[in-house]
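**Q** Mind looking at a prediction? Sequence and model below.
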Amino acid sequence: MPNIARSIYTGMVGRRRLGLLEPPICERCGAVMRVKARHLAHARLVPESQGLGLILRCPNCRSEGALLVGRDAQAALQQGLTYLSLTRRGRQRAEDAARLVEDVGGPDRLIRDVARRELTLRSLAPERRLALEMAVDERAEVEELERRWKEAEELADIADGMLSTTTELEEELRRLKDGLP
Ligand SMILES: [Zn+2]
């Protein structure tokens, strides 16, 4: 019974559409690519100047039809890896994967290594795929933190602006007070 539940769940995750704002158009056949998580088994991580690049295979003509970059690539990669880690061959001990991330010198190195080989996600060894999943999750967290820090800095700048106004006000008040008999 748990196996049936698991395969139903895996099927559900696999049928989920990619959470992109706009579905990409296939460069080969011109079709709107309605990519689901399970289609990402054929996606390839490639080096990109702006970080991550993910080449998607078109569900219609089955050729590589679109390149996702940045946040889209990252989100799609996470979705695909989540699906693949649920499939039978993807189950693997998490410690092995964590060690693999450490062995290659951290999450960024691992992502770069995989991207350089330009393999499909499906053809990665299960523990390497899990390691990649961890690395991408970790990097997403770091980027989220950086975004929040930037926000905090911007808020601090605004607060500084208000503070200087307050100081000016205080000086004005002091001048007024000093002027009083
Ligand atoms: Zn196509």
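**A** It's in.

**Q** which bits of the chain sit near the ion?
**A** By C-beta under 5 Å from the ion, the residues of the chain that approach the ion are 26, 28-29, 31, 58, 60-61, 65. All C-beta spots, glycine's among them, are computed from the backbone N, C-alpha and C.

**Q** Which members of these are positioned in strands?
**A** Within the residues of the chain next to the ion, residues falling in strands by DSSP state E are residue 65.

**Q** Now do the contacts for residue 9.
**A** With contact taken as C-beta atoms under 8 Å, 6 or more residues apart in numbering, residue 9 is in contact with residue 86.

**Q** so how far is residue 110 from it?
**A** From residue 9 across to residue 110, the span is 27 Å (C-beta to C-beta, to the nearest Å).

**Q** And stretch 50-66, what's buried?
**A** 51-59, 64-66 (16 or more other C-beta atoms under 10 Å).

**Q** Would you mind measuring from the nearest residue to residue 72 once chain neighbours are set aside to the ion?
**A** In space, and not counting its chain neighbours, residue 72 is closest to residue 20: 5.6 Å by C-beta to C-beta, 6 or more residues apart in numbering. Counting by C-beta to the ion, to the nearest Å, the separation of residue 20 from the ion is 16 Å.

**Q** Please, which helix or strand holds residue 20?
**A** If you go by DSSP states H and E, residue 20 is not part of any helix or strand.

**Q** doesn't residue 76 make contact with it?
**A** Yes. Residue 20 lies in contact with residue 76 (C-beta atoms under 8 Å); the separation is 7.2 Å.

**Q** what's the closest non-adjacent residue to the residue nearest the centre of the chain?
**A** Using C-alpha atoms, centre = their mean, the residue of the chain that lies closest to the mean C-alpha position is residue 74, 2.9 Å off. Spatially, and ignoring its direct neighbours in sequence, residue 74 is nearest to residue 52 (5.5 Å; C-beta to C-beta, 6+ apart).
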